[in-house]
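> below: sequence and its predicted model.
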Number of protein chains: 2
Amino acid sequence: MRVFIAGIDGYLGWPLAQHLAARGHTVGGVDAFLRREWVAEMGSHSAIPICDIDERQHAFREHFGTELHFRQGDLLDYDFLRTSLQDFQPDAVVHLGEMPSAAYSMIDAAHAAFTQQNNVIGSLNLLWAMKEACPDAHLVKLGTMGEYGTPNVDIPEGFFEVDFRGRKDSLPFPRQAGSFYHWSKVHDSNNTMFACKIWGLRSTDIMQGVVFGTQIDTMEDDPRLRSRLDFDQCFGTVIHRFCCQALIGHPLTIYGAGQQTRGFLPLRDSMACMTIAIESPPAAGEYRVFNQFESCYRVDELAAMVQAEAENLGLQVCLKHYGNPRTEAEKHYYNPDRNHLVALGYEPTTNIRDEIRIMLSDLLPHRARIQEKADILLPDIRWDGTKARTSVIESY
Amino acid sequence: MRVFIAGIDGYLGWPLAQHLAARGHTVGGVDAFLRREWVAEMGSHSAIPICDIDERQHAFREHFGTELHFRQGDLLDYDFLRTSLQDFQPDAVVHLGEMPSAAYSMIDAAHAAFTQQNNVIGSLNLLWAMKEACPDAHLVKLGTMGEYGTPNVDIPEGFFEVDFRGRKDSLPFPRQAGSFYHWSKVHDSNNTMFACKIWGLRSTDIMQGVVFGTQIDTMEDDPRLRSRLDFDQCFGTVIHRFCCQALIGHPLTIYGAGQQTRGFLPLRDSMACMTIAIESPPAAGEYRVFNQFESCYRVDELAAMVQAEAENLGLQVCLKHYGNPRTEAEKHYYNPDRNHLVALGYEPTTNIRDEIRIMLSDLLPHRARIQEKADILLPDIRWDGTKARTSVIESY
């Protein structure tokens, strides 16, 4: 198949290009390199050194014996996007080209507006461009489990049967996102559902959990194939932050009670799931939602796992609770479904401690790069709109 | 109270300024005059002549003995918006500053992107600007009944009790909008709900039906106080289009089967309802949803009412069914709640035929202005993304 990846230079885009090429697919994509800019804006850098797109293309050709078709450009540039799709003629389009940080979207009015404009208009442009350039292609759109929030009922996959005052309907499951970023993804999901309905586009909307890890099989020992790994407050997700903190002897920063529960999955599972979606497209006009995660974990459980694996490497690690900069429930019911991908053949990685061990080993040679940025490890972006660095809560 | 109206030059904004002034409130607002531009872009003009903002301010001062505080500017200009709120220090902010046309948002990729950017980012800016400049003020935000679509169950006011697999929660009622415009309003509702939750803003989110009519009591006989009335395919809503068509002997253009059912309300009811919301603000942090309409009507019923009233004026009117340019259910269940406003004192106008009669009389002197634009009465913007003028369906 011909697969087009929007955001092909990112944490997920670059491994996905490799994974798909290894399976014999033809891969192309676009990127505006904004992730690299945003992380620099946070005063940080990737813990794992990454090379530029030219070197990536060279390495790709060497390893997979095929071209990585790449164009630099922004999804907000509609003509660029339409022409890129027109020229590539994809069977599937994977949309990873969004600003992915909750905290970044909460910095101030300008960052909130940037986030929603970038994500909503970029995704809307993609819908129109596909309609015009490749209406039969399958849109694999990345949403987030965070769209659902933490309702006090089970979370189905996108839709549920409603019995209300004696009448029935199948309705979209209500979303209760927790940041302007997460809401931008809800807006995108809604626009995508509508485009499928009126234009007959086909789409898989993936409500993905938090992805973690440094490795997929194709990367072997070539550092040019490695993907970025961020640890700043905006682009470093929780397991990544914990691993980087553990390596430099910084306390693991648990926000608040630490009983927040989310779905997580290793990078290799994310690749496997997206591939399943790509290789089993829905019918024309179908909009299907997959909840995509390996399992649900509490934040304090994850911290304990990172601590245990780091201690096996001879590192001393302590856990500390910090004032939660986010407005969120710190203790809540959480039980999302995850049936659609399993029905299509997804076999979850069950031992995430192995993944954490591999990640720590991969990061070990780069301790100095993390240490260099030790002063940005504590968050100062608060959901209440103020900016103040958090500190340890004594009561834990 | 001090009431700030975003979109104060529009069809609803201008009468609302008058209605509130007549009740003794201090009124200010902003407008970028975009509605005037959009209607010109459609090759049309208001059936009722309207004067510019300077003349409106003069007339306002004469009639109400008080100043209409006005600044020209765009909600996308964050600093302008924040400063305007800072200087005016409102008790209530009424948000009418959005692009309100479903058809306009479906023209092409650029119009869809414009609609969502203008509405979503403008509204998001308003939330942040209120948080910074007047966090205790009450946001009266205009949504639309169209956010709900046409589910096969009753439509509650914003939230409903869910019993799912034996657990319960109160959740936002799922939205199923029918155009990129309607989705932009859903996105706004979601962002507003979130801002109330995290920042303690207070908001009334009004899911308003289709407003029609030319008159509120304050307008008397001064033509400078009249509000615009559009009849083009984008900015002319269905009763307005029917009335204008009836006056020049054009068949009333029923789209498809004509059994589409929606909530409608006269202009004077819209003013009364918004005033009730303004004068009974919610508590800090509260996000409440009002469904706002007088009653539900089928499109073919409305056509028959306009026909009957026009015939009373001696006009010959025929009804015709045209190919529906929209993708929508033409026959469906529709039963929205409307309890919150009634509980606060809203007394619906029950005789909408009287309103239609007044509207026809008001429009009668302006037949030539409508006739001049007779060539734009049939829609050519289609939901499937093509552009082709619709024609009569012979089977009706």
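Structure's in. What do you need?
> helix or strand for A:Ile206, which one?
strand A:202-208 (DSSP states H and E).
> what about that strand and chain B, touching?
No - Strand A:202-208 is not in contact with chain B by C-beta under 8 Å from any C-beta of the partner chain; minimum separation 14.8 Å. (Glycine included, C-beta is placed from N, CA and C.)
> for the top helix by length along chain A, packing partners?
The longest helix of chain A (DSSP state H) is helix A:180-199. Packing partners of helix A:180-199 (3 or more C-beta pairs under 8 Å, 6 or more residues apart in numbering or on different chains; DSSP states H and E): helix A:102-105, helix A:109-116, helix A:122-133, strand A:138-144, strand A:202-208, strand A:287-292, helix B:180-199.
> could you tell me how far the shortest one lies from the centre of the chain?
I take that to be helix A:102-105. Helix A:102-105 sits 13 Å away from the centroid of its parent chain (C-alpha atoms, centre = their mean, to the nearest Å).
> now for it, which elements pack on it?
Using 3+ C-beta pairs under 8 Å, 6+ apart, helix A:102-105 sits against helix A:109-116, helix A:180-199.
> what angle separates the last one from strand A:287-292?
Between the direction of helix A:180-199 and that of strand A:287-292, the angle (axes from the mean of the first three to the mean of the last three C-alpha atoms, to 10 degrees) works out to 150 degrees.
> can you check the first one too?
Using the same axes, to 10 degrees, the interaxial angle of helix A:109-116 with respect to strand A:287-292 works out to 110 degrees.
> okay, buried residues for helix A:109-116 please.
By neighbour count with 16 or more other C-beta atoms under 10 Å in any protein chain shown, helix A:109-116 contains the buried residues A:Ala109, A:His111, A:Ala112, A:Ala113, A:Phe114, A:Thr115, A:Gln116.
> which single one of these is nearest to chain B?
Here the nearest of those to chain B, counting by C-beta to the nearest C-beta, is A:Ala109; it sits at 3.6 Å.
> name all residues that make contact with that closest one.
B:Tyr78, B:Arg82, B:Leu124, B:Asn125, B:Trp128, B:Ala129, B:Glu132 (C-beta atoms under 8 Å, 6 or more residues apart in numbering or on different chains).
> helix/strand/coil for A:Val120?
helix (DSSP: H, G, I helix; E, B strand; the rest coil).
> state the distance from it to chain B.
Taking C-beta to the nearest C-beta, to the nearest Å as the measure, A:Val120 and chain B are separated by 6 Å.
> quick revisit: how far is the longest helix of chain A from where the chain is centred?
With C-alpha atoms, centre = their mean, you get 17 Å for helix A:180-199.
> cool, stretch A:160-173 as well?
Distance, centroid of stretch A:160-173 to centroid of chain: 31 Å (C-alpha atoms, centre = their mean).
> contacts for that stretch?
Stretch A:160-173 has contacts (C-beta under 8 Å, 6+ apart) with A:148, A:155-156, A:158-159, A:190, A:193, B:151-154, B:156, B:160, B:162-164, B:174-176, B:333.
> let's see it at 6 Å
Outside of stretch A:160-173, the residues within contact range by C-beta atoms under 6 Å, 6 or more residues apart in numbering or on different chains are A:Pro156, A:Phe159, B:Pro151, B:Asn152, B:Val153, B:Asp154, B:Pro174.
> separation between the last one and A:Glu161?
Translated: B:Pro174. 12 Å (C-beta to C-beta, to the nearest Å).
> which of the three states applies to the closest residue to chain B within the stretch 251-396 of chain A?
Residue of the stretch 251-396 of chain A nearest chain B, by C-beta to the nearest C-beta: A:Thr327 (4.5 Å). Classification of A:Thr327 using three-state DSSP returns coil.
> before we move on, the earlier item: which of B:Pro174 and A:Glu161 has more neighbours?
Taking other C-beta atoms under 10 Å in any protein chain shown, B:Pro174 and A:Glu161 do not tie; B:Pro174 has more neighbours (22 against 10).
> is it true that the more buried one lies in a helix?
No - checked against three-state DSSP, B:Pro174 lies outside a helix; its state is coil.
> pLDDT value on it, please?
Looking at B:Pro174, its pLDDT is 98.
> and A:Asp384, by the same measure?
A:Asp384 is given a pLDDT of 88.
> that one: what secondary structure?
Reduced to three states by three-state DSSP, A:Asp384 is coil.
> mind pulling up the phi and psi values for it?
Main-chain dihedrals, A:Asp384, degrees, to the nearest 10: phi -80, psi 10.
> next, count neighbours for it.
Neighbour tally, A:Asp384, other C-beta under 10 Å: 14.
> my read: A:Gly7 touches A:Gly13, true?
Yes - contact between A:Gly7 and A:Gly13 holds when scored by C-beta atoms under 6 Å: they sit 4.6 Å apart.
> looking at these two, which is more packed in?
Shown here are A:Gly7 and A:Gly13; by other C-beta under 10 Å, A:Gly7 has more neighbours (25 against 22).
> for that one, list the residues it contacts.
A:Gly7 neighbours (C-beta under 6 Å, 6+ apart): A:Gly13, A:Asp31, A:Leu96, A:Gly97.
> show me which residues of chain A are close to chain B?
Residues of chain A lying near chain B by C-beta under 6 Å from any C-beta of the partner chain: A:78, A:109, A:112-113, A:116-117, A:120-121, A:124, A:128, A:151-154, A:164-165, A:167, A:169, A:171-172, A:174, A:183, A:187, A:190-191, A:198, A:327, A:383.
> list only buried entries from those residues.
Buried among these by 16+ other C-beta under 10 Å: A:78, A:109, A:112-113, A:116-117, A:120-121, A:124, A:128, A:151-154, A:164, A:169, A:171-172, A:174, A:183, A:187, A:190-191, A:198, A:383.
> filter the contacts of stretch A:160-173 down to the ones in helices?
Using DSSP H, none of the contacts of stretch A:160-173 sit in helices.
> could you dump these to CSV with distance to B:Ser101?
Converted to CSV, the contacts of stretch A:160-173 look like this (distance: C-beta to C-beta, whole Å):
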residue, distance to B:Ser101
A:Pro156, 34
A:Phe159, 29
B:Pro151, 23
B:Asn152, 27
B:Val153, 28
B:Asp154, 28
B:Pro174, 24
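> for A:Asn190, give me its contacts.
Shown in contact with A:Asn190 (C-beta under 6 Å, 6+ apart): B:Trp183.
> for B:Val186, see how far away it is.
6 Å.
> give me phi/psi at A:Lys387?
With angles defined as degrees, to the nearest 10, A:Lys387 sits at phi -130, psi 110.
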